[in-house]
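>>> Fold the following and give me the result.
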Amino acid sequence: MSSKHKIAVLCNNRLAIPAIQSLYSQELLFGVGIPEGNAEVIEIIENLFSKKNINIFLLKKDTFEQDLEKLLQDNTIKYFFTMTFPWKISEPILRDNPGRFYNFHYGLLPEMRGVDPIFEAIRQQCPTSGISVHAIEKKIDSGAIILKKEIPLDNQINHGILCTYLSQLGAAILPELITFLRFDKGVAQDDTKAKYFKRPDISTVSIDWNQEAHTIDALIRACNPWNKGAYTRWNQWIFRIVEASVAESYSKQQHPTGYIIEMDENTGVLVQCNNNTTLRIRFIYTDETGFISGHKLKNFGINKGEHLLNL
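The predicted model follows:
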């Protein structure tokens, strides 16, 4: 890349911050575009760059295409990188500016297309996650992959931890990516392997006690911290389980799923799951108290022998 050429980043999430800082340190950052309603990211970017001669663009959805057209007239900008950006680049702009728009997808393509591949990778207990940088095309997440990097997952990783890992990975791959962009047009995705996942809804983030403990634990980790855990119910009262773990089978007696086998400060809350597996509830979130230890469910009248229910 010529020393005169820069990169503009369009972002909507803190995931992009390390990569943006890395581009700045390499003197490759032209500016950052952020939807005007995202006060958190705007504040971070302004604190980092407002005094460093870096352009900061507050974007409106109804004028986004016109604003982008103006930026495209600046010959200083070689590439546009989108990182968790919520708005589509129009087909005419993509057609008239080939090889300039690339997306950082925080998941492995083509198997993990969609809004939140981080959630899906954890929920589905995938062995790996990663970043796929691909050319932007009309169809979401479908363009040729320029660079893909994987990282291993284990049963301790939650959504927030994986976000941190991928955020750091996004910064680390930049030198290799920029080299690839100069010489490689990427590899077409195999659409026969493609799966698209919609944004998680209330049914997706709610516990089904008829599943095995490791499946429920994975869902809880996938919901922490962005949803403050996964939903469950006792009678008509709904709360969220924030952190749990799979426990060794605590009782030889077969209980109904959702049955609270034990509840005390030392053991925590042990709940019967399918196939005689057991889940230990460590922390919960309630609208009334915020985040508390699981055994404090006693304060709400829940005791050993009660049943937790599906929504």
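
>>> So for this structure, the centremost residue is which one?
Ile118 (4.0 Å; Cα atoms, centre = their mean).

>>> Surely Asp208 and Leu309 touch.
No. The criterion here is Cβ atoms under 8 Å, and Asp208 misses it with Leu309 at 10.2 Å. For the C-beta atoms, the positions are set from N, CA and C on the backbone; glycine is no exception.

>>> Assumed the residue nearest to the centre of the chain was part of a helix.
Yes. Checked against DSSP: H, G, I helix; E, B strand; the rest coil, Ile118 lies within a helix.

>>> excluding its backbone neighbours, what's nearest it?
Leaving aside its sequence neighbours, Ile118 sits nearest to Leu162 (Cβ to Cβ, 6 or more residues apart in numbering; 5.3 Å).

>>> and Ile42, helix, strand or coil?
Under three-state DSSP, Ile42 comes out as helix.

>>> Okay, helices next: where are they in the chain?
17-25, 39-49, 64-72, 91-96, 117-123, 159-172, 174-183, 213-222 (DSSP state H).

>>> Show me what counts as buried in the fifth one.
The neighbour-count criterion (16 or more other Cβ atoms under 10 Å) identifies 117-123 as the buried residues of helix 117-123.

>>> Repeat that for the shortest one.
For helix 91-96, the buried set under the neighbour-count rule, 16+ other Cβ under 10 Å, comprises 93-94.

>>> packing partners for that helix?
helix 64-72 (3 or more Cβ pairs under 8 Å, 6 or more residues apart in numbering; DSSP states H and E).

>>> How much space separates Met219 from Gln211?
One thing to correct before we go on: residue 219 is Leu, not Met. 8 Å (Cβ to Cβ, to the nearest Å).

>>> do the same with Ile238
18 Å.

>>> more crowded one of these two?
A side-by-side neighbour count of Ile238 and Gln211, using other Cβ atoms under 10 Å, places Gln211 first with 19 against 14.

>>> The residue nearest to the more buried one when sequence neighbours are not counted: how many residues sit nearby?
Leaving aside its chain neighbours, Gln211 sits nearest to Asn274 (5.6 Å; criterion: Cβ to Cβ, 6+ apart). For Asn274, the neighbour count with other Cβ under 10 Å is 15.

>>> Kindly report the same for the one 3 residues further on.
Burial of Thr277, expressed as a neighbour count using other Cβ under 10 Å, amounts to 20.

>>> rewinding a little: now tabulate the buried residues of helix 117-123 in CSV and tack on pLDDT and distance to Lys193.
Listed next are the buried residues of helix 117-123 as CSV, based on pLDDT from 0 to 100; distance: Cβ to Cβ, whole Å:
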residue, pLDDT, distance to Lys193
Pro117, 97, 14
Ile118, 98, 19
Phe119, 98, 20
Glu120, 98, 15
Ala121, 98, 15
Ile122, 98, 20
Arg123, 98, 19
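
>>> sorry, back to before: thought the residue nearest to Ile118 was touching Phe119?
No. Using Cβ under 8 Å, Leu162 is not in contact with Phe119, being 9.2 Å away.

>>> shaky segments in the stretch 151-300 of the chain?
250-253 (pLDDT under 70).

>>> got the domain boundaries for the protein?
What automatic domain parsing lists as the domains of the chain is 6-197, 213-300.

>>> Looking at these, spot the one closest to Ser203.
Nearest of these to Ser203, taken as Cβ to Cβ: domain 213-300 at 9.5 Å.

>>> Next, count neighbours for the closest residue to Lys195 other than its chain neighbours.
Excluding the flanking residues, the one nearest Lys195 by Cβ to Cβ, 6+ apart is Glu111, at 5.6 Å. When counting by other Cβ under 10 Å, one arrives at 18 neighbours for Glu111.

>>> Kindly report the same for Gly143.
Count around Gly143 with other Cβ under 10 Å applied: 23.

>>> so what's the nearest residue to it once chain neighbours are set aside bridging to?
Counting by Cβ to Cβ, 6+ apart, Ala135 is the residue found nearest to Gly143 once chain neighbours are left out, at 3.6 Å. Under the criterion DSSP bridges, Ala135 forms beta bridges with Tyr102.

>>> Tell me the spacing between Ala135 and Ser245.
When Ala135 is compared with Ser245 (using Cβ to Cβ), they lie 41 Å apart.
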